[in-house]
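> Have a look at this prediction, sequence included:
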Amino acid sequence: MPELPEVETIARLVRPGLVGRTVTGARVHWERSLGGESAAAFAACARGLSIDGVGRRGKYILIATSRGGEPHGAFVVHLRMTGRLHVEDAHAPPSPYVRVALTLDDGRELHFVDVRKFGRFVHAQQPASLLAHLGPEPLEDAFTADAFARLLRSRRRALKPLLLDQEFVAGLGNIYVDESLHAAGLHPLRRSDRVPRGKADALHAAIREVLTEAIRREGSSFDAFYRTPEGSPGSYQDQFRVYGRGGKPCRTCGRALRRIVVAGRGTHLCTRCQPAPRRGPAPAVRARRAVRADAASIARIHVAAWRAAYAGLVPQEHLDALTVRHRRKLWEHLIGRPPEPDHATFVLARGSEVLGFADAGRSRDADDARDRAGEVQAIYVRPELIGHGHGRRLFAHALAHLRRRGFAEATVWVLAGNERARRFYEAAGFAADGGRTVWHGSGAALPEIRLRRELP
């Protein structure tokens, strides 16, 4: 997936051909690129918009628009794996992979090309709200060494997955995290709150230097898909010190580089330049009642888990609109002031690190207070920890809570298309009982099914 340098390069190169132009029409060849909006509505909105600027936020391209001299949102473009933007002459032969095209008042067209159809090209009235979940920009003046060191100390996560988290720092991806960690001499599995201040400063400087040089070289053309809008490849791949060089000698010390997997991502490092952290005895994992201080961790898990579990099942605009800030307020309220005496939120924690959470109480469709049907209303773990048994352990804890509260049976609701969740619950003895409802959100109406089991 293109990262910050590639996205910045594209924004800079299409800017001269777009700023000052007016959109006179729009063609949509793949409606899903619009993130849920209809082609007709998108075309009607786009027609007549003036383009005032082209910028970037994280891995998103922002094309600021106005109508009648007043600001009117922005086109928000996420390239995902194979997306590209080109400003083309009207007579240029079209690519067969153009998904969205905007006709400009000078006769040229802006083409959104996307071979694999994962990218998005939407118009947002409030782009800042759409992107509110993103962390700080690593090249902005506000991203100081002091601020970065505080961010590292505030988390208890391995460095690589933390740096890949777009809510922690925006724009970094697999390539530039590997390169930055090597430049700073830090192992990808070093825990963030255990990074000495000197090393935190070195990592901060490395991130900014690596990104700046990559932008100067117009990004990294590591596969056939990334090309600049002018059709040329970037050249930063010629400078890679570790990424993609497993088995080759380290450019610093000469030792053979290693490739390992961290949080599901191929990771390249030098074991001499980036020594592994010393491991003490790991804190025990235990389930406990959530406290208000857990709300921020729960919110991060909630948003990340929803986006990972419901991609393709829930409208993308709903997933994009989920923010940690909003979820944190929700969970602070639910934990601090439960809606009913039987309601409880639990976390599974290793020391102070929250791995997942569960929420349980009286069934939402109970007829009255005497209806002794309980419900497991939420159960999520960090996406990179799925398959480690944490979800089953949380689920057992939630069921035990319902049993202690005197409920005779437990229910869960599952989106009709979520087969993984359905199999999870069926393995725990639940069976569909014919109950159905409809989940409403972001203008969508999605069917849910109810599963039930007795609580002996």
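Nice, thanks for sending it over. Just so we're clear, the structure is a prediction, and the values are computed from it rather than from any experiment. Numbering: from 1, shown residues only.
> This structure: helices as residue ranges?
4-18, 39-46, 127-130, 145-153, 159-164, 174-184, 197-216, 295-309, 316-321, 324-336, 390-404, 419-427 (DSSP state H).
> Which residues belonging to the shortest one are considered buried?
Put plainly, it is helix 127-130. 127, 130 (16 or more other C-beta atoms under 10 Å). All C-beta atoms are positioned from the backbone trio N, CA, C, and that covers glycine.
> Against which helices or strands is that helix packed?
In this structure, helix 127-130 packs against strand 70-78, helix 316-321, with contacts taken as 3 or more C-beta pairs under 8 Å, 6 or more residues apart in numbering; DSSP states H and E.
> distance between that helix and the chain's centre?
15 Å (C-alpha atoms, centre = their mean, to the nearest Å).
> for the fifth one, same thing?
Shown here is helix 159-164, whose average C-alpha point lies 12 Å from the average C-alpha point of the whole chain (C-alpha atoms, centre = their mean).
> Put together TSV for the helices and strands packed on helix 127-130, with mean pLDDT, distance to residue 183 and mean neighbour count on each row.
Shown next, in TSV, are the helices and strands packed on helix 127-130 (pLDDT from 0 to 100; distance: least, C-beta to C-beta, whole Å; neighbours: other C-beta atoms under 10 Å):
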stretch	mean pLDDT	distance to residue 183	mean neighbour count
strand 70-78	96	28	20
helix 316-321	79	32	19
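> Quick one: closest of those to residue 37.
Taking C-beta to C-beta, helix 316-321 is the member of those nearest to residue 37, at 8.0 Å.
> Extract the C-alpha trace of that closest one and format it as PDB.
Extracted in PDB, the C-alpha atoms of helix 316-321 (Å, rounded to 0.1, in the frame of the first residue of the first chain):
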ATOM      1  CA  GLN A 316     -17.300   1.700   4.600                       C
ATOM      2  CA  GLU A 317     -18.400   5.200   5.600                       C
ATOM      3  CA  HIS A 318     -19.600   3.900   8.900                       C
ATOM      4  CA  LEU A 319     -16.300   2.200   9.600                       C
ATOM      5  CA  ASP A 320     -14.400   5.300   8.500                       C
ATOM      6  CA  ALA A 321     -16.500   7.500  10.800                       C
END
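> Flag every buried residue along stretch 92-109.
97-104, 108-109.
> Run a quick neighbour tally on the nearest residue to residue 73 once chain neighbours are set aside.
Excluding the flanking residues, the one nearest residue 73 by C-beta to C-beta, 6 or more residues apart in numbering is residue 125, at 4.3 Å. Residue 125: 12 surrounding residues under other C-beta atoms under 10 Å.
> I'd say residue 125 and residue 71 touch.
No - using C-beta atoms under 8 Å, residue 125 is not in contact with residue 71, being 9.7 Å away.
> for the buried residues of stretch 92-109, which one is nearest residue 452?
Distances from residue 452 to these, taken by C-beta to C-beta, are shortest for residue 99, at 43.3 Å.
> List the residues that contact the closest one.
With contact taken as C-beta atoms under 8 Å, 6 or more residues apart in numbering, residue 99 is in contact with 28-30, 33, 112-114, 117, 119, 121.
> Out of the residues you listed, which is nearest to residue 418?
residue 117 (22.2 Å).
> Could you find the closest non-adjacent residue to the closest one?
residue 30 (5.8 Å).
> Residue 48 too?
residue 67 (6.2 Å).
> what pairs with that neighbour across the strands?
residue 70 (DSSP bridges).
> any idea how far it lies from residue 18?
16 Å (C-beta to C-beta, to the nearest Å).
> Over to residue 59?
For residue 59, the distance to residue 18 - C-beta to C-beta - is 19 Å.
> go on, residue 194?
46 Å.
> Which of these two has more residues huddled nearby?
Using other C-beta under 10 Å as the criterion, residue 194 and residue 18 rank with residue 18 on top: 22 against 13.
> Can you tell me the closest non-neighbouring residue to the more buried one?
Per C-beta to C-beta, 6+ apart, closest to residue 18 is residue 51, 4.8 Å.
> follow-up on the earlier one: which among the helices and strands packed on helix 127-130 is found nearest to residue 412?
Here helix 316-321 is closest among the helices and strands packed on helix 127-130 (C-beta to C-beta), at 20.6 Å.
> any idea how far the closest one is from the chain center?
Counting by C-alpha atoms, centre = their mean, helix 316-321 comes out at 11 Å from the chain centroid.
> Could I get the buried residue list for stretch 301-319?
301-307, 309-310, 313-319.
> same check, this time on stretch 241-250
For stretch 241-250, by 16+ other C-beta under 10 Å, it's 241-245, 250.
> Can you add distance to residue 161 and give those back as JSON lines?
As requested, these are arranged in JSON lines below (distance: C-beta to C-beta, whole Å):
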{"residue": "241", "distance to residue 161": "21"}
{"residue": "242", "distance to residue 161": "17"}
{"residue": "243", "distance to residue 161": "16"}
{"residue": "244", "distance to residue 161": "19"}
{"residue": "245", "distance to residue 161": "21"}
{"residue": "250", "distance to residue 161": "23"}
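> Report the two of the residues you listed separated the most.
244 and 250 (13.5 Å).
> rewinding a little: so which of the contacts of residue 99 comes closest to residue 75?
Of the contacts of residue 99, the one sitting nearest to residue 75 (C-beta to C-beta) turns out to be residue 121, at 6.6 Å.
> hey, C-alpha coordinates of stretch 325-345 in CSV?
Listed next in CSV are the C-alpha coordinates belonging to stretch 325-345 (Å, rounded to 0.1, in the frame of the first residue of the first chain):
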residue,chain,number,x,y,z
ARG,A,325,-12.5,9.9,20.9
HIS,A,326,-16.3,9.1,20.5
ARG,A,327,-15.9,5.5,21.6
ARG,A,328,-13.8,6.6,24.6
LYS,A,329,-16.6,8.9,25.8
LEU,A,330,-19.1,6.1,25.3
TRP,A,331,-17.1,3.6,27.4
GLU,A,332,-16.3,6.1,30.1
HIS,A,333,-20.1,6.5,30.5
LEU,A,334,-20.9,2.8,30.3
ILE,A,335,-18.2,1.9,32.8
GLY,A,336,-18.8,4.8,35.2
ARG,A,337,-22.6,4.8,35.0
PRO,A,338,-23.8,1.4,33.9
PRO,A,339,-27.3,1.5,32.4
GLU,A,340,-28.7,-1.2,34.8
PRO,A,341,-27.5,-3.2,37.9
ASP,A,342,-26.8,-6.3,35.9
HIS,A,343,-24.6,-4.6,33.3
ALA,A,344,-20.8,-5.1,33.5
THR,A,345,-17.8,-4.5,31.4
